[in-house]
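In: structure for this input, please:
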Amino acid sequence: MIATALDHIPMPPVAKLLGWRLIDARPQDGWIKMAFDGKPGFCNPAGFIQGGILSSMLDDTMGPAVFVMTEGKLFTTTITMTVNFLAPAKPGPITGEATVTQLGKTIAFVEGRLTAEDGTLLATATSSIRLVEAARALR
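Out: Below you'll find the predicted structure:
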């Protein structure tokens with residue numbers, strides 16, 4: 001597996017809850033690929049993973065794409081996120097991918113997507129993200 005700036009920070013509790021794991025990254029391209037556990041406990045009464053959980057997975061893919069691209073120098077806080085739910089998500093492995101489309105001095109724009117194990121596109125998202133210096137955030 002590729003070494004990234006994510007290797008140097010503790011895993012947040014929400015990432016643990018989601019079963020977040022780095023699969024691959026191309027920091028120079030602002031691209032990242034994550035794995036998540038679509039747990040049965042995340043399901044709504046219809047048996048599909050609740051949309052808020054899928055949104056969290058997308059958010060927890062897009063923010064790390066910026067963090068990895070900036071070599072851990074910038075944390076992110078989401079300003080806006082638009083999610084499109086394209087197919088019901090059944091419990092099981094879910095893959096998230098994100099690409100930083102523009103990295104400015106204070107704001108970044110990122111695109112993300114989630115797919116099921118069989119390749120079904122579950123959801124897409126775009127996000128505008130405020131950039132926060134990591135050294136400042138850790139004070």
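In: same question for the helix ranked longest in the chain, mean pLDDT?
Out: Longest helix in the chain by number of residues, with DSSP state H as the criterion: helix 51-69. The average of the pLDDT scores along helix 51-69 is 97.
In: and if you look at stretch 14-27?
Out: 95.
In: list the buried residues for it?
Out: Ala15, Leu17, Leu18, Gly19, Trp20, Leu22, Ala25, Pro27 (16 or more other Cβ atoms under 10 Å). From N, CA and C alone the C-beta is placed, and that goes for glycine too.
In: of these, just say which sits nearest to Met57.
Out: Leu18 (5.8 Å; Cβ to Cβ).
In: that closest one: what's it in contact with?
Out: Leu18 makes contacts with Phe36, Asp37, Ile53, Ser56, Met57, Asp60, as judged by Cβ atoms under 8 Å, 6 or more residues apart in numbering.
In: could you do Ile107 as well?
Out: Contacts here follow Cβ under 8 Å, 6+ apart; on that basis Ile107 touches Ile79, Ser128, Ile129, Arg130, Leu131.
In: once you drop chain neighbours, what's closest to the residue most central in space within the chain?
Out: Nearest to the mean C-alpha position of the chain, by Cα atoms, centre = their mean, lies Thr61 at 1.1 Å. Distances taken as Cβ to Cβ, 6 or more residues apart in numbering place Gly96 nearest to Thr61, at 3.5 Å, with adjacent residues excluded.
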